[in-house]
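Requesting a structural model of the entry that follows:
(one chain, ligands or ions: 2)
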Amino acid sequence: MNIVIPREIATALNILNYNGFEAYIVGGCVRDSLLGNAPKDWDITTSARTDEISICFKEYRTINTGLKHGTVTVIIQGMQIEITTYRIDGSYTDNRHPDTVFFTDKVADDLQRRDFTINAMAYGKNGIVDLFGGISDIESRIIRCVGEPDERFGEDGLRILRALRFSSVLGFKIEKNTEESIRKNKQLLCNISKERIVSEFNKLLMGLDFHNVMMEYRELVEVFIPEIRIFNDKEWETILNSMKHTDSLVLRLALLLNETGNAERILKTLKYDGKTISSVGLLSSCRDEQLIPDKIAIKKLLKKIGYDNYTALIKFKAAVFKARGHVFFNELDVVYEAEKAAEEIIADNECYSLKMLDVNGEDLIGAGISRGMILGDALNELLDLVIEGKLENKKEVLLDYIKNFKLAVDK
Ligand code: ATP
Ligand code: MG
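Ligands and ions are numbered 1, 2, ... in the order given. Down below sits the predicted model:
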């Protein structure tokens with residue numbers, strides 16, 4: 001079994017070996033290489049302690065990333081490489097993180113603390129170290145705990161969600177004992193910080209097999225999003241189907257949570273980032289917005305929410321209608337017409353925002369409108385009239401109109 005390793009990583013392994021230490025690439029990068037996928041990052045595990053790692057790489061820039069956990073980051077030709085001492089995790093009193101970690105001289109110990117067989121392989125100069133049947137599980141496309149599932153989930157409840165995440169991303173089935181233990185121990189997810197949950201859940205949602213995983217393990221998602229309990233099986237399936245029609249995380253979240261009527265609050269509780277919360281919130285607030293393929297109506301909506309949100313809304317509506325099937329075929333046609341009309345508006349550079357108006361605040365002040373509220377009202381009125389086709393978007397036309405507007409205000 002031969003894995004192609006980037007030159008910088010090979011350099012790091014060679015330096016450690018040359019200094020008398022064992023060193024391997026480990027975890028996700030070994031799994032992904034065996035699968036023929038390009039690894040996202042390359043982690044190194046070694047018998048060297050952190051002070052010894054620092055000495056080995058004294059010619060290079062190093063960062064003491066997590067000395068307590070045995071990790072030093074070494075920068076080789078611009079590449080940041082995390083090198084971690086073999087370790088055993090101590091006892092877990094809170095199902096979250098080990099109270100202590102112990103360093104060890106045996107790679108076997110380090111592999112044993114890892115979550116799943118496919119993530120518990122190392123590869124070094126003598127080839128692959130596969131103590132738990134990781135290669136065979138990759139071949140059979142199976143997620144299986146290293147050791148006793150109950151024990152391993154008891155140590156760290158996040159592993160329950162990680163199993164689902166890997167199942168979704170890789171399209172692997174979860175092995176029977178591991179699966180039973182997941183269902184039995186699902187409440188352990190309550191002890192896990194929202195940030196850790198969200199990071200795994202986002203990867204699950206973007207996985208190629210998210211639909212099947214969320215169908216089979218709905219009860220697990222309910223542990224951290226209890227609001228989805230209101231859906232019956234048919235509704236749940238329709239929601240998941242709608243999510244297949246987009247590959248944007250924001251849209252998948254919006255589609256997942258839309259019908260709860262509480263999308264924004266749910267995301268806040270889960271401590272999602274502000275940008276995701278506001279994008280999903282905006283889509284939910286527009287969910288009853290009728291998309292009328294009429295240019296004036298579209299320009300008004302573009303004025304209100306902007307072009308990027310408008311295109312997101314189009315995709316959102318299209319996904320909802322597609323999932324519902326042919327009964328609502330006309331609605332889908334309307335969405336496409338609205339999309340086409342908006343594209344024409346953009347292509348023709350038709351005015352729908354204050355920025356595109358041929359006059360700005362300064363021009364109006366020059367024409368005698370005072371600063372403050374009235375200035376904003378005047379600009380908005382001009383924009384509405386331009387959108388409605390009642391005024392041409394030309395400076396002299398707009399200023400001419402504004403003189404009358406000023407007369408009316410002054411009266
Ligand atoms: P990705 O490609 O998505 O980063 P990964 O396998 O590298 O996947 P990470 O979360 O980066 O996943 O973790 C790196 C490695 O550390 C894993 O492959 C696994 O061996 C180990 N690991 C990570 N989290 C846990 C955990 N909660 N319990 C046990 N081992 C873990
Ligand atoms: Mg990783």
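
check contacts around the residue lying closest to D209 once chain neighbours are set aside.
Take D209 and drop its neighbours on the chain: the residue closest to it by CB to CB, 6 or more residues apart in numbering is G171, 4.4 Å away. All C-beta spots, glycine's among them, are computed from the backbone N, C-alpha and C. When contacts are counted by CB atoms under 8 Å, 6 or more residues apart in numbering, G171 touches 141, 207-209.

now N19, nearest residue through space, not along the chain?
Using CB to CB, 6+ apart, the closest residue to N19 is C56 (4.9 Å).

Give me the pLDDT value at the one you found.
On pLDDT, C56 comes in at 98.

ok, the residue in the stretch 201-350 of the chain that ligand 1 sits nearest to to I197 distance?
Nearest to ligand 1, among the residues of the stretch 201-350 of the chain, is K203, at 6.3 Å (CB to the nearest ligand atom). As judged by CB to CB, to the nearest Å, K203 and I197 stand 11 Å apart.

Show the pLDDT at the residue nearest to D209.
98.

measure it to R141 for me?
Per CB to CB, G171 is found 7 Å from R141.

and what of A342?
From A342 to R141 the distance is 43 Å (CB to CB).

okay, those two: which has more neighbours?
A342 (23 against 13; other CB atoms under 10 Å).

can you confirm L383 is in a strand?
No. According to DSSP: H, G, I helix; E, B strand; the rest coil, the state of L383 is helix, so it is not within a strand.

wait, doesn't it sit right on K355?
No. Counting by CB atoms under 8 Å, L383 stays clear of K355, with 9.9 Å between them.

Looking at those two, which one has more neighbours?
More crowded of L383 and K355, by other CB under 10 Å: L383, with 24 against 8.

can you pull out the helices in the stretch 301-411 of the chain?
For the stretch 301-411 of the chain, applying DSSP state H, counting those that start in this stretch gives helices covering 307-324, 329-347, 361-366, 373-387, 395-410.

Centre of the chain to the third one, how far?
Right, helix 361-366. 44 Å (CA atoms, centre = their mean, to the nearest Å).

related to what we said a few turns ago, if you compare the helices of the stretch 301-411 of the chain, which one is most tucked away?
Counting by mean count of other CB atoms under 10 Å, helix 307-324 has the highest mean neighbour count of the helices of the stretch 301-411 of the chain, with a mean of 19.

Which positions in this structure make contact with ligand 1?
Neighbours of ligand 1 within the chain, by CB under 6 Å from any ligand atom: 27-28, 40, 114-115, 119-120, 156, 158-159.

Might you list the low-confidence residue ranges for this structure?
Scanning the chain for pLDDT under 70 picks out 93, 95-96, 326-329, 405-411.

Check the spacing between the residue of it found nearest ligand 1 and M121 real quick.
Per CB to the nearest ligand atom, G28 is where the chain lies closest to ligand 1, at 2.3 Å. Separation of G28 from M121 (CB to CB) stands at 10 Å.

out of the two, which sits in the busier spot?
Ranked by neighbour count (other CB under 10 Å), G28 and M121 place M121 first, with 28 against 17.

can you map out the helices along the stretch 51-200 of the chain?
107-112, 134-139, 149-155, 158-170, 176-184, 194-206.

Tell me which of these sits most buried.
It is helix 158-170: most buried of the helices of the stretch 51-200 of the chain by mean count of other CB under 10 Å, with a mean of 24.

just checking, what packs against that one?
Here helix 158-170 touches strand 142-143, helix 149-155, strand 173-174, helix 176-184, helix 194-206, helix 210-216, helix 218-224, going by 3 or more CB pairs under 8 Å, 6 or more residues apart in numbering; DSSP states H and E.

Which secondary structure elements does the first one sit against?
For strand 142-143, the packing partners by 3+ CB pairs under 8 Å, 6+ apart come out as helix 158-170, strand 173-174.

Give me the residues contacting it.
Residues contacting strand 142-143 (CB under 8 Å, 6+ apart): 116, 118, 137, 163, 166-167, 170, 172-175, 178.

Same check on the last one?
Contacts of helix 218-224 from elsewhere in the structure, counted by CB under 8 Å, 6+ apart, are 160-161, 164, 182-183, 186-187, 189-190, 194, 197, 201, 214, 228-229, 236, 270.

hang on, F103 packs against S47?
No. In this structure, F103 is not within contact of S47 by CB under 8 Å, at 9.1 Å.

any common contacting residues for those two?
Both F103 and S47 are in contact with 85-86, where contact means CB under 8 Å, 6+ apart.

residues in contact with N202?
Each residue near N202 by CB under 8 Å, 6+ apart is listed here: L249.

Please tell me how far it sits from L267.
11 Å.

end to end, how far does stretch 254-265 reach?
Stretch 254-265 has an end-to-end distance of 12 Å (criterion: CA to CA, to the nearest Å).

which residues are in contact with that stretch?
Residues outside stretch 254-265 that contact it (CB under 8 Å, 6+ apart): 205, 225, 227-228, 230-231, 235, 239, 242-243, 246, 253, 266-267, 277, 279-281, 283-284, 287, 316, 319-320.

Show me what counts as buried in that stretch.
When burial is assessed from 16 or more other CB atoms under 10 Å, stretch 254-265 yields the following buried residues: 254-260, 263-264.

In helices, which of those residues fall?
254-257, 263-264 (DSSP state H).
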